[in-house]
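Asks: Here you go, sequence then predicted model.
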Amino acid sequence: MSSILKDPGGKGDKKPIRTLAAGWLIDGKGSPALRNSIMEIAGGDILAIHRDCGPAELARADVDLSSCTLLPGLCDGHVHLSLSGTEDGGSRKRQLSATFQEARETIENHLKDHLAHGIVAVRDGGDREGHALQFKRNCLGPDSPVQVFAAGHAWHMPGRYGAMIGRTPLKEEGLADSIRYNERGDLIKVINSGPNSLSEFGKETPPQFNLEDLRKAAVCGHSMGLKLMVHANGRLPVKWALEAGCDSIEHGYFMGKENLERMAEKRIPWVPTVFAMNSLCTVLRGAPEAETAARNVEHQLEQIRFAAQCGVVVALGTDSGSVGVHHGKGVIEELKLLMAAGMRLEEAVQCATSRVAGLLGLGNLGSLDAGNRAVFIVAQGDPGQLPGSLNSPQAVFVDGVPVIYHRTSNISKSRAQ
Ligand SMILES: [Zn+2]
């Protein structure tokens, strides 16, 4: 696997592979998987995709991937790179108070985990010391196969939830001015509710910021070219975030149908992070809290079902770094849960590709289209093997170059010729 750090020493063989014959191809826009396609790539871009190719045409392709499914490189819309999914309390404590030097290795390993599962872009929702942002600014090379968008520190109110991943606005400045003078991130993360209760099903917490403060924060952020990702659970915290002009709702448990309809209308993406709650069912097994967690999951799946029906832009985010949610692997679990909520595989993949790419402003990533960057995963087997086959992709291509690949795959054979 190539290095995540600066000067990785090249991304492998630069010689372009010109034509790939794919058994199945998922475009990242929700369309049913195509059978027997040929993808032409040159100079790091997709030149063309030919559908319904005959046996003679397929046989002429440079690389035979007839037993594989091609899909766009995935994006995880909600991670915390400086934290791992470990259940060990001592390790979590150490990660929370790590120096940058200590966090650097952790973050690099997590990015490798992402790449190993075909994830090529992540949006980091903040950490206490702002390590993920510092890593991006100081350590991540321009050629990194995984792109990172980091909030740095999240903003939360004094005495309210969020100290684990953020800081509070200065009293005299308020939220908008704190953003204006102190925000250094690629985006702004605001925490506008508490976490979900595990003792009382559906218990809501009041918004952390008032509507006016949120409004000013959104105007200020947008004037700086920064989007607002807002952590919000419950009806009122979500309602105010939407009214204020936020750019995405994170979690959104118990937000209710009215908010979902509003999001559909305004095309504001929702990142439901349902696996983070699902993993608590396992972590807390035997305790009464596990039952509440399971009910929370069921309720969130119902909300996802409704969201899909009314046209909400659901974007995949795992909240990796939460207890039991491991970087990379978490995406597979989140995809499974989106499918458990009724999405077809291709629709779930769309949530993890073009939907997040749109949120990150990466229009040339996230769908397999002529003219887009040739960033894609070669997964073994037919679409029925997904998402499990992402545990060990045959190859991951970034800009037409295989950055990881299995020695046994046709990719490596073609390289040896
Ligand atoms: Zn988070």
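Replies: Arrived safely, thanks for sending.
Asks: Where does the stretch 201-350 of the chain get nearest to the ion, residue-wise?
Replies: D319 (4.5 Å; Cβ to the ion). Any C-beta I mention is one placed from the backbone N, CA and C, and that applies to glycine too.
Asks: What parts of the stretch 51-200 of the chain come near the ion?
Replies: G125 (Cβ under 5 Å from the ion).
Asks: for the stretch 51-200 of the chain, what spans make up the strands?
Replies: Using DSSP state E, counting those that start in this stretch, the strands of the stretch 51-200 of the chain run over residues 63-72, 74-79, 119-124, 147-150, 154-155, 166-167, 188-191.
Asks: For G366, which of the ones you listed is the nearest?
Replies: For G366, the closest of these is strand 63-72, at 5.4 Å, according to Cβ to Cβ.
Asks: Would you list the strands that the closest one pairs with, along with their directions?
Replies: Partners of strand 63-72 in the sheet, by DSSP bridges, are strand 19-25 (parallel), strand 376-380 (antiparallel).
Asks: Distance from that strand to the middle of the chain?
Replies: 23 Å (Cα atoms, centre = their mean, to the nearest Å).
Asks: pull the CA atoms of it into PDB?
Replies: C-alpha atoms of strand 63-72 as PDB (Å, rounded to 0.1, in the frame of the first residue of the first chain):
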ATOM      1  CA  VAL A  63      -7.500  -6.000 -18.100                       C
ATOM      2  CA  ASP A  64     -10.100  -8.700 -17.500                       C
ATOM      3  CA  LEU A  65     -12.200  -7.900 -14.500                       C
ATOM      4  CA  SER A  66     -15.200 -10.000 -15.700                       C
ATOM      5  CA  SER A  67     -15.500 -11.600 -12.200                       C
ATOM      6  CA  CYS A  68     -15.500  -8.200 -10.500                       C
ATOM      7  CA  THR A  69     -17.700  -5.300  -9.700                       C
ATOM      8  CA  LEU A  70     -16.400  -1.700 -10.300                       C
ATOM      9  CA  LEU A  71     -17.800   1.100  -8.200                       C
ATOM     10  CA  PRO A  72     -16.600   4.700  -7.400                       C
END
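Asks: Make TSV out of the strands of the stretch 51-200 of the chain and add mean pLDDT.
Replies: Putting the strands of the stretch 51-200 of the chain into TSV (pLDDT from 0 to 100) gives the following:
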stretch	mean pLDDT
strand 63-72	97
strand 74-79	98
strand 119-124	98
strand 147-150	98
strand 154-155	97
strand 166-167	93
strand 188-191	98
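Asks: can you give me the helices for the protein?
Replies: Along the chain, counting by DSSP state H, helices occupy 55-59, 89-96, 100-116, 131-138, 174-182, 211-223, 235-244, 257-266, 274-283, 288-310, 329-340, 345-352, 354-359, 410-416.
Asks: what's in contact with the fourth one?
Replies: Counting contacts by Cβ atoms under 8 Å, 6 or more residues apart in numbering, the residues outside helix 131-138 that touch it are 80-82, 98, 100, 103-104, 107-108, 124, 126, 148, 150-152, 184-186.
Asks: Could you figure out how far it is turned away from strand 119-124?
Replies: Helix 131-138 runs at 120 degrees relative to strand 119-124, counting by axes from the mean of the first three to the mean of the last three Cα atoms, to 10 degrees.
Asks: show me the contacts for the closest residue to L362 other than its chain neighbours.
Replies: Spatial nearest neighbour of L362, excluding adjacent residues (Cβ to Cβ, 6 or more residues apart in numbering): A121 at 6.3 Å. Listed by Cβ under 8 Å, 6+ apart, the contact partners of A121 are G73, C75, D76, V146, Q147, V148, F149, V356, A357, L360, L362, L365.
Asks: which one among those gets closest to Q394?
Replies: Nearest to Q394, judged by Cβ to Cβ, of these is G73 at 13.8 Å.
Asks: residues of stretch 48-66 that come out buried?
Replies: Using 16 or more other Cβ atoms under 10 Å as the test for burial, stretch 48-66 gives I49, H50, C53, L58, A61, D62, V63, D64, L65.
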